[in-house]
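Peer 1: only the shape, not the letters, is given here:
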DNA sequence: GTCAACGGTTTTGTATACAATTTTGATTTT
DNA sequence: AAAATCAAAATTGTATACAAAACCGTTGAC
């Protein structure tokens, strides 16, 4: 009855845990990337045998990857017909960004109310790191610091379910968001908005924090036209 | 004892497109129900061979169902170890309801801004149907009209991605929400709140609509204690 | 007595074989 | 010529076989 208190292999067990089942996951990520860069167009069917050969696996793990892709919305699984890639339409993208904006807004609102001193410290650090990256001028470096900023914001909501859902949607929009940062002066604008969010949270002003986070993510005005032109450009060059 | 696990026979007469791939889906729903009613406790491993025998299927479609359950958060898939059921803790439930409240609030806000006359007509009809069901006094009848009310609210946001995500979370919270309606006077309270939401949307008052929808879903005050006691009661009676 | 190592057993992960369904294309009918 | 028919081919869905890893009780060393 008390044997559960004795864990024989705990020391080595740490490494043993996340070892397998990586196959379907790797395939999933590879296919996600392939879909995004345009190797597969909207409506294309992902052929099981072809991809099995390409990845040197059987159809079984491949189909598992298909299901994961379907759960993330990258493909649509039509029973008896196959997996068809689903590129988000401009309308869908705007809708997704609209939801993302609201989620980040809510995270910021909760963060302003709930964030503790040590979390705030870390958040401020991440914001400063963004600034350092901005000064460096490399969009890719800034991109990763930006990722950390947003991840911390989600955590700071104090609602781990919300944080998880926000991260999920964020990941799905990742490629499009990345394009957004390449425009002239976009990094500076993003940085300013980060500061505004941080200051509002620091001041405990939940309404201001919510508004700032919403404006940061919302695709309106120039951001909207930027997004549209990026989509159009991505469509022009199918296979990078 | 196993009656709930028996799958309905597949009809062969249907020639529509979505005919196959139903197997994993049926299994998924059966397992969802079995998990919710408490046949499996938190942390239990779902044994593949045992369940294969119960459902009279091979491990392949069963594992597909596992993946779908994992995507919905009902189980956690540990590589090399198996599928372990994850009952939401009270904390998680509160978090999920907090997010649900914010999503419905956003739907209502958008609906107040965007809803057209014909949609409004339908929405009003659904609200009236709720009232009729309330007068009938049967919580189950009211439950279904209530479902329609919320589904229409999601659609009315004019953001189909938001509507889809809201419906997904709504479905996940469905069993807990259902328990909420059984308390004394809960139907009347719910109905009043529906009216408030409808009136705010009708008046085009997006702030009022957002607030009303948030209050309707939010678990605070009595609703919070009700939810907690329902959870406790569900834990007492493991297998219904 | 505790801990580590070991081998048999169980369970999961993957490959392959088979069944069922859909697609395709040629042929026939109107 | 367009539509319907139907059988062959291709493709997905499912079952089973096999490989690899995890679990478990035992044994042995310290």
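Peer 2: Yes, it's here. These figures come from a predicted structure and were not determined experimentally.
Peer 1: element containing the nearest residue to residue A:70 once chain neighbours are set aside?
Peer 2: Once flanking residues are discounted, residue A:70 sits nearest to residue A:77: 4.5 Å by Cβ to Cβ, 6 or more residues apart in numbering or on different chains. For every residue, glycine as well, the C-beta is placed using N, CA and C. Residue A:77 is located in strand A:75-78, with elements delineated by DSSP states H and E.
Peer 1: quick one: buried residues of that strand?
Peer 2: Using 16 or more other Cβ atoms under 10 Å in any protein chain shown as the test for burial, strand A:75-78 gives A:75, A:77.
Peer 1: please, where are all the strands along chain A?
Peer 2: Along chain A, counting by DSSP state E, strands occupy A:45-46, A:75-78, A:82-85.
Peer 1: so what does the strand holding residue A:77 touch, helix or strand wise?
Peer 2: Here strand A:75-78 touches helix A:59-72, strand A:82-85, going by 3 or more Cβ pairs under 8 Å, 6 or more residues apart in numbering or on different chains; DSSP states H and E.
Peer 1: sheet-wise, list the partners of that strand with their directions.
Peer 2: strand A:82-85 (antiparallel) (DSSP bridges).
Peer 1: the spatially closest residue to residue A:231 that is not a sequence neighbour and residue A:190, how far apart?
Peer 2: Leaving aside its sequence neighbours, residue A:231 sits nearest to residue A:90 (Cβ to Cβ, 6+ apart; 5.9 Å). The gap separating residue A:90 from residue A:190 is 22 Å, by Cβ to Cβ, to the nearest Å.
Peer 1: again, but for residue A:167
Peer 2: For residue A:167, the distance to residue A:190 equals 19 Å [Cβ to Cβ].
Peer 1: who's more crowded, these two?
Peer 2: Set side by side, residue A:167 and residue A:190 show more neighbours around residue A:190, with 19 against 16, by other Cβ atoms under 10 Å in any protein chain shown.
Peer 1: who touches that one in this structure?
Peer 2: A:130, A:134, A:142, A:146, A:181, A:216 (Cβ atoms under 8 Å, 6 or more residues apart in numbering or on different chains).
Peer 1: my read: residue A:228 touches residue A:94, true?
Peer 2: No. The criterion here is Cβ atoms under 8 Å, and residue A:228 misses it with residue A:94 at 9.1 Å.
Peer 1: for these two, work out which one has more neighbours and name it.
Peer 2: Neighbour comparison, residue A:228 and residue A:94: the larger count goes to residue A:94, with 18 against 14 (by other Cβ under 10 Å).
Peer 1: which residue packs closest to that one, ignoring adjacent ones?
Peer 2: Spatial nearest neighbour of residue A:94, excluding adjacent residues (Cβ to Cβ, 6+ apart): residue A:219 at 6.3 Å.
Peer 1: contact partners for the one you found?
Peer 2: Contacts for residue A:219 (Cβ under 8 Å, 6+ apart) come out as A:94, A:97-98, A:101, A:227.
Peer 1: quick check, nearest of those to chain B?
Peer 2: residue A:98 (5.9 Å; Cβ to the nearest Cβ).
Peer 1: per-residue confidence at that closest one?
Peer 2: Predicted confidence (pLDDT) at residue A:98: the value is 97.
Peer 1: residues touching the residue lying closest to residue A:216 once chain neighbours are set aside, list them.
Peer 2: Spatially, and ignoring its direct neighbours in sequence, residue A:216 is nearest to residue A:193 (4.2 Å; Cβ to Cβ, 6+ apart). Residues counted as contacts of residue A:193 (Cβ under 8 Å, 6+ apart) are A:212, A:215-216.
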